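K.L.:
Quick one: sequence plus predicted model below, questions after.
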Amino acid sequence: MKQNVCGSLLNKSIILKIQCKKSLAHLNNMKLIFLIKSLLNGKTLVRSLMNWELKQYTLYGKVLDIGGGAAEAAVICLGGVVVHRSVRVGGNKIDETIAVYVRKKHNLIIGDQTAELIKIKIGSATRLVQEENIEVSGRDQVLGLPRTIILTSSEVTEAMRPALLSIIGAVKGVLEETPPELASDIIERGITMSGGTSSLRNFDRLMVQETGVPAHLAEEPLLCVVRGTGVALENLDLYRRSIARR
């Protein structure tokens with residue numbers, strides 16, 4: 001079985017989308033990466049791909065991909081990456097900031113799943129006109145007993161703001177480094193936001209407020225990276241110069 005797998009992978013191109021809290025140095029120790037290195041005689045093809053479709057190959061645009069472990073911003077021109085910046089802030093970090101906020105303000109310890117549920121249910125990048133709230137259960141930090149509180153959407157917005165501004169900071173950094181020739185195209189086409197975290201309510205509005213550049217959510221943002229990876233693999237000759245070989 002192992003020989004068949006090795007034989008089928010030799011001289012093949014493999015593209016991985018890696019999105020997690022660990023650094024690439026830690027990822028190199030993972031069994032999956034080690035297996036692929038062994039099968040390809042130490043040659044790996046590892047790249048965190050952005051989410052452009054094949055039809056966008058000849059277009060100019062600004063892409064922001066926000067996953068669970070990191071956010072990546074890039075300016076795409078003729079299928080190549082002109083400017084790129086990445087910050088290790090994503091959905092997981094936002095969940096963590098919510099949990100820390102609840103612990104500090106309400107002395108209530110909650111888990112990652114509860115924090116994510118709060119984000120999904122009442123989370124908003126900007127304050128809502130009509131306040132929303134949710135019951136949150138956890139362990140009292142002082143007494144160590146179960147307790148339930150009422151958390152408002154304004155509190156969640158306040159908790160998430162530092163993490164969101166870190167992501168927007170990466171976008172601003174890319175915009176500052178973008179060649180003037182492409183600035184007009186970015187203003188015209190706006191920023192395409194993908195990844196699960198980009199679906200956060202009113203995140204596109206906050207992006208517009210902070211950068212002054214139009215922003216819109218991609219179709220099916222959760223699937224963009226997967227589809228983009230598939231398109232790149234099927235058209236490897238076109239995307240080869242945009243893929244890093246290590």
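P.N.:
Right, received. Where do you want to start? Numbers count the residues shown, from 1 in each chain.
K.L.:
Okay, buried residues for stretch 153-172 please.
P.N.:
Buried residues in stretch 153-172, counting neighbours by 16 or more other CB atoms under 10 Å, are found at 153, 155-157, 159-160, 163-164, 166-172. For glycine as for every other residue, the C-beta is placed from the backbone atoms N, C-alpha and C.
K.L.:
Output that stretch as CSV - backbone C-alpha positions only.
P.N.:
Below are the C-alpha coordinates for stretch 153-172, written out as CSV (Å, rounded to 0.1, in the frame of the first residue of the first chain):
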residue,chain,number,x,y,z
SER,A,153,-23.5,42.7,21.3
SER,A,154,-21.8,46.0,22.2
GLU,A,155,-19.5,44.1,24.6
VAL,A,156,-18.6,41.6,22.0
THR,A,157,-17.8,44.3,19.5
GLU,A,158,-15.6,46.0,22.0
ALA,A,159,-13.8,42.7,22.8
MET,A,160,-13.1,41.9,19.1
ARG,A,161,-12.0,45.4,18.0
PRO,A,162,-8.3,45.1,18.8
ALA,A,163,-8.0,41.8,16.7
LEU,A,164,-10.0,43.3,13.9
LEU,A,165,-7.9,46.4,13.8
SER,A,166,-4.8,44.2,13.6
ILE,A,167,-6.2,42.6,10.4
ILE,A,168,-7.1,46.0,9.0
GLY,A,169,-3.6,47.1,9.8
ALA,A,170,-2.2,44.5,7.5
VAL,A,171,-4.5,45.7,4.8
LYS,A,172,-3.4,49.3,5.3
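K.L.:
thought residue 192 was touching residue 216?
P.N.:
Yes - assessed by CB atoms under 8 Å, residue 192 is found in contact with residue 216 at 6.5 Å.
K.L.:
Which one of these two is surrounded by more residues?
P.N.:
Using other CB atoms under 10 Å as the criterion, residue 192 and residue 216 rank with residue 192 on top: 23 against 14.
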